[in-house]
Every structure is written in C-alpha cells, then in structure tokens.
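>>> coords please:
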Amino acid sequence: MVEQVEIEYKTMLTEKEYHQLLAYYKLSEKAFKTQTNYYFDTQDYKLREKHFGLRIRTTPTNAELTLKTPIEHGLLETTDPLTIETAASLIASEKILKTGVVAQRLKAANIEPDSLHMIAALKTKRAEFPINEGLLALDESWYGQQHDYELELEVSEPIQGKLAFQSLLHSFGV
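Residues are numbered from 1 along each chain as shown. Modelled structure (predicted):
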C-alpha cells in the first residue's frame, strides 16, 4: 500500500499544441510509455458524487489499484499494488479487490467494493519528465471513439504550482 498527496494541474491540448511541445522538449518515441486505466463506479455513481476516482492502471510490467479522494490541497492517492495476473482477472470480471487498503477506504466511505463495476477504459501514451516547476506529463489518449491530448504538471505546493502551470501555459501560448 502506498499513500501520497497528488497536486496536479491539467489542460487539454490541440494536436498542434501537443506536437509543438513534443518538438520543444525533443521527445522521441523512446520517451513514451503506454498505460491503460480502467475506471470504476457504482451504478448510481456514488464515487463521482463524492469526487472520488477509482482505477486499475496497467502497464506492460506493472499494475495497481488506486483510489483518489479529495483533501484540502489536492488528492490523497491510496494504492494497492497488483500483479499483472490479478489485474487481468479483475479487469476481465470488471471488479476490484475486495481486500486491501483501497477496499477499507471505500467501506469507510459506505461504498461496498462489490457494488463497483467498470465504467470506462482509457489507453494513454505518456511521456513524463521533471522540469524546474515539477513533473511534466504529455499524454495522447484513446477512449471509445475519442482521441485527445493533454498536458499535466504535478507539483508539491498548490499555490506556487498553479502559478507555475499558468506561466508554462502562457509561455507556450496554450
């Protein structure tokens, strides 16, 4: 189990803006890793109502179950590591673990792990690297019939981080 505070700022990009950032940061195909996120909620969207996010993330070598819950500045991420095999089994059954810290947190919020089902899948090609302002991520994602681009900056301090993100967007004309 891992817990960490996540403070991040995001914006959607046009394809042109995305390619401008790729060129600026000199990112080749080797800089990218592919991940797939499988999102869960109850039939009546209790997680969304509470502003929680719940996903299984898989990469070619790792898998994890993560619950994101709002805190004063950012989100608290609670993660249970999964084996690739366990993740594949859960995804196939469209369920999550009934045990572990994520399940305990859900139960404490009056949400039974058995009441959750998969609601969406998102495949992302991501380049992630440190810059002076924080950890920058450039994403190209596919879900359903949608295809989009996103810029994300993860920071350690919310106020300066927001200013840094706004400055970054301004410098690129985004």
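
>>> Please verify my assumption that residue 168 contacts residue 133.
Yes. The pair formed by residue 168 and residue 133 meets the contact definition of C-beta atoms under 8 Å, at 6.3 Å. Using the backbone N, CA and C atoms, a C-beta is placed for each residue, glycine as well.

>>> more neighbours, the two?
Neighbour count, other C-beta atoms under 10 Å: between residue 168 and residue 133, residue 168 has more, with 20 against 17.

>>> hmm, back to that, which residues are in contact with each of residue 168 and residue 133?
Common neighbours of residue 168 and residue 133 are listed as residue 153 (criterion: C-beta atoms under 8 Å, 6 or more residues apart in numbering).

>>> Can you list the residue ranges for helices in this protein?
15-24, 46-49, 84-93, 101-108, 158-172 (DSSP state H).

>>> Distance to residue 74 for those helices - can I get that in TSV?
Output for the helices of the chain, formatted as TSV (distance: least, C-beta to C-beta, whole Å):
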stretch	distance to residue 74
helix 15-24	24
helix 46-49	17
helix 84-93	26
helix 101-108	16
helix 158-172	6
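
>>> Tell me the buried residues in the helix or strand bottoming out on mean pLDDT in the chain?
Ranked by mean pLDDT, DSSP states H and E, the weakest helix or strand in the chain is strand 2-13, scoring a mean of 91. Using 16 or more other C-beta atoms under 10 Å as the test for burial, strand 2-13 gives 7, 8, 9, 13.

>>> That'll do, ta.
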